[in-house]
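>>> quick one, fold the following:
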Amino acid sequence: MTDLQQIQQYYEQNLCDRVFQYSLTNGTVLQVIFYREALCHLLGIQHITNNRRYIGRSGYEHI
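Presented below is the predicted three-dimensional model:
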């Protein structure tokens, strides 16, 4: 398993399919949701290749 695959596994097991909710002191409520298709963007790897291989859901599946 590569390091990138370990990150993907951690992302899948600990962040995906969950909603993280933060309540601020001014009453604002923020909800943070992690989508599988956003992992490449969050890691910045969508810019590694010119053929757009690591973008969205297909990028997630290419890891």
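>>> make it CA atoms for all contacts and neighbour counts henceforth
Fine.
>>> got a list of what the residue nearest in space to the middle of the chain touches?
Central residue of the chain (CA atoms, centre = their mean): residue 39, 2.7 Å from the mean position. Neighbour list for residue 39: 8, 11, 56, 60 [criterion: CA atoms under 8 Å, 6 or more residues apart in numbering].
>>> report the buried residues of whichever strand or helix holds it.
Using DSSP states H and E, residue 39 falls within helix 39-43. Neighbour counts over helix 39-43 (16 or more other CA atoms under 10 Å) mark 39, 40 as buried.
>>> and the next helix or strand past that helix?
For helix 39-43, the succeeding helix or strand toward the C-terminus, using DSSP H and E, is helix 56-62.
>>> quick one: that following helix to chain centroid distance?
Its chain's C-alpha centre and that of helix 56-62 lie 11 Å apart, by CA atoms, centre = their mean, to the nearest Å.
>>> same for it, what does it pack against?
Packed against helix 56-62, as judged by 3 or more CA pairs under 8 Å, 6 or more residues apart in numbering; DSSP states H and E, are the following elements: helix 39-43.
>>> just the C-alphas of the helix it packs on, formatted as CSV.
Output in CSV follows, covering the C-alpha atoms of helix 39-43 (Å, rounded to 0.1, in the frame of the first residue of the first chain):
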residue,chain,number,x,y,z
LEU,A,39,-10.0,14.2,-1.8
CYS,A,40,-7.7,14.9,-4.8
HIS,A,41,-8.6,18.6,-4.5
LEU,A,42,-7.9,18.7,-0.8
LEU,A,43,-4.5,17.1,-1.4
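>>> can you list the weak-confidence ranges in this protein?
1 (pLDDT under 70).
>>> phi first, then psi, for the most far-flung residue of it relative to its centre.
Most distant from the centre of the chain: residue 26, at 28.1 Å, with distances by CA atoms, centre = their mean. Backbone geometry at residue 26, expressed as degrees, to the nearest 10, gives phi -90, psi 10.
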